[in-house]
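Asker: model the following, please.
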Amino acid sequence: MYDVIIIGGGLGYAAAIVLSKAGKKVALIEKNLNHLGGTCLHNGCILSKNLLHRAKTVLESSEDVFNQNGKLSFEKLQEKIKNIIDSNTKAITAQLKAAGAQLIEGEGFVVDDGVEVNGKILKSEFIIIADGSSPRIPEGIEVDRKHIITSKEALEFTKIPKEISIYGSGAIGLEMASLFAALGSRVNLIYRHEHISKKFPQNITEKLEKQLKAIGVNLMPNSTITEANTKNSKVICKINNKEYFSHSGYFGSTKSVKMTELLEKNPEKLYKLSARGMLPKTKLGAKMIKKLKIYAGAEHPHTAQLAK
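Answerer: As a prediction, this is how the structure comes out:
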């Protein structure tokens, strides 16, 4: 019988140390004990910040007094970072053992009687679930972990890619874009909105966009990837970034709406605009489009023509 069972050795390890030092009997269940510290240590913060630091050095060197003959060994850099991660993992393991926490390698499942792990049922007064998260893959994108990848695989590169397209302008997307652009890759940053972030004030957003452009990032706003897959070792990517523009006739009053937004809010208008684009740009075409009736649902006021 334990006081506390913790499922997940990412942030869960910190709770295990604190509770064990407080005199509680603690069991920490982790699928892979070599992965203690979780995503932050092994596939996230520690890894990305080390890479960003080196990328910044490369960028500043190329802009300053050094010529561009100096090359960064990405493979050696990854090896150095791996040593840092291994050292931290060993330190976490040592702290857990010193605190008195019991480490159990396996997958834990909460059941009626407690927690099931490796075919056994463990009982406790409290259970902490800290099993982490995984990347959300948008519909239509086929991740193969080789050419179409997540940030986890991107941070495990041993060579700098010649070109990389990044979908999403959140914190991770911006880090990846900055990192690979600074290291010399051609970077396309694809995101759904007009600006890279809705969370920041406009002046900060504009400065961020300006800085990204300055290091060579190709910004692709108002764009949605509808389909992505690999064919003959090449990524085939369909991007929907069509916009419709309207103008009232007054200076500076041009408005635009994205096709996906129009499809969601006003599908009748979208299909009418599409049909209008296929008609001749003449008076006849203008008369023909007036005869087109479009309804979003199955109900309409018209009746079929009946043969007499």
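Asker: any idea what the residue nearest to Asp113 when sequence neighbours are not counted is bridged to?
Answerer: Of all residues not flanking Asp113 in the chain, Ile121 sits nearest, at 5.1 Å (C-beta to C-beta, 6 or more residues apart in numbering). C-beta: built from backbone N, CA, C; applies to glycine. Applying DSSP bridges to Ile121 yields these beta-bridge partners: Glu116.
Asker: tell me which residues touch Ile121, please.
Answerer: Going by C-beta atoms under 8 Å, 6 or more residues apart in numbering, Ile121 touches Val111, Asp113, Gly114, Val115.
Asker: buried stuff in stretch 33-43?
Answerer: Residues Leu33, His35, Leu36, Gly37, Gly38, Thr39, Leu41, His42, Asn43 are the ones in stretch 33-43 that count as buried (16 or more other C-beta atoms under 10 Å).
Asker: also stretch 222-230?
Answerer: Asn222, Ser223, Thr224, Ile225, Ala228, Asn229.
Asker: which ones among the residues you listed lie within strands?
Answerer: Thr224, Ile225, Ala228, Asn229 (DSSP state E).
Asker: got a list of what Phe180 touches?
Answerer: Neighbouring residues of Phe180 by C-beta under 8 Å, 6+ apart: Ile160, Pro161, Ile164, Val187.
Asker: tell me the secondary structure for the second one?
Answerer: Each residue gets one of three states, and Pro161 gets coil by DSSP: H, G, I helix; E, B strand; the rest coil.
Asker: now the helices for the stretch 51-200 of the chain?
Answerer: Applying DSSP state H, counting those that start in this stretch to the stretch 51-200 of the chain gives helices spanning 74-99, 151-154, 171-182.
Asker: got the buried residues for the longest one?
Answerer: Burial within helix 74-99, assessed by neighbour count using 16+ other C-beta under 10 Å, is assigned to Phe74, Leu77, Gln78, Ile81, Ile85, Thr89, Ile92, Thr93, Gln95, Leu96, Ala99.
Asker: can you list the domains in this structure?
Answerer: 2-129, 151-240, 243-290 (automatic domain parsing).
Asker: let's see if you can find the most crowded of the contacts of Ile121.
Answerer: The member of the contacts of Ile121 that has the most neighbours, counting by other C-beta atoms under 10 Å, is Val115 with 22 neighbours.
Asker: any idea how far that residue lies from Glu299?
Answerer: Look at Val115 and Glu299: by C-beta to C-beta, to the nearest Å, they are 54 Å apart.
Asker: same check, this time on Ser48
Answerer: According to C-beta to C-beta, Ser48 and Glu299 sit 53 Å apart.
Asker: show me what the host helix or strand of Gly277 packs onto, helices and strands only.
Answerer: In the assignment (DSSP states H and E), Gly277 maps to helix 267-278. Under the contact criterion of 3 or more C-beta pairs under 8 Å, 6 or more residues apart in numbering; DSSP states H and E, helix 267-278 touches helix 259-265, helix 283-290.
Asker: can you tell me which of the ones you listed is packed in deepest?
Answerer: Comparing those by mean neighbour count (mean count of other C-beta atoms under 10 Å), helix 259-265 ranks first with a mean of 14.
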